[in-house]
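Asks: return a 3D structure for these sequence lines:
(one chain, ligands or ions: 1)
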Amino acid sequence: MFLGYCLITSELRVIADCGFYEFKRQLEYKSQKFGCEVIIADRWFPSSKTCSNCGHIQDMPLKERTYNYGSCGHSMDRDLNAAINLSRLARASKLTEG
Ligand SMILES: [Zn+2]
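Replies: Residues are numbered from 1 along each chain as shown. From the prediction side, this is the model:
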């Protein structure tokens with residue numbers, strides 16, 4: 001999933017050009033071809049708003065590029081924090097699949 005997240009962030013121009021539906025279709029096609037699995041997070045999953053250290057959720061305006069949460073002392077790049085949360089979501093969904 002983390003690899004998929006990196007792919008998504010580096011291919012934003014491709015997504016904008018072909019639309020998300022086509023991007024998703026291509027991603028699923030390629031993942032089958034290469035034996036990978038695509039796990040899609042719910043659109044409201046708070047990956048950027050959730051502290052990857054303790055699970056606290058707070059508002060994160062797009063202009064804020066660093067996630068800071070004083071109570072647990074966590075400070076991390078916004079995108080890296082979100083990637084960790086998405087990676088955990090992917091692992092959790094794999095565990096619940098059986
Ligand atoms: Zn925290």
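Asks: hang on, residue 71 packs against residue 53?
Replies: No - using CB atoms under 8 Å, residue 71 makes no contact with residue 53, being 10.0 Å away. Where you see a C-beta, it was placed from the backbone N, CA and C, and this is true even at glycine.
Asks: so which of these two has more stuff around it?
Replies: residue 53 (16 against 9; other CB atoms under 10 Å).
Asks: over to that one. Which of the three states is it?
Replies: coil (DSSP: H, G, I helix; E, B strand; the rest coil).
Asks: for burial, what's the neighbour tally of the closest residue to it other than its chain neighbours?
Replies: Closest residue to residue 53 apart from its sequence neighbours, by CB to CB, 6 or more residues apart in numbering: residue 74 at 3.9 Å. Applying other CB under 10 Å, we find 15 residues neighbouring residue 74.
Asks: can you show me the helices along the chain?
Replies: 2-10, 12-18, 20-33, 78-97 (DSSP state H).
Asks: burial count for the residue nearest to residue 88 when sequence neighbours are not counted?
Replies: What sits nearest to residue 88 in space, not counting adjacent residues and going by CB to CB, 6+ apart, is residue 52, at 7.6 Å. Residue 52 has 20 neighbours, counted by other CB under 10 Å.
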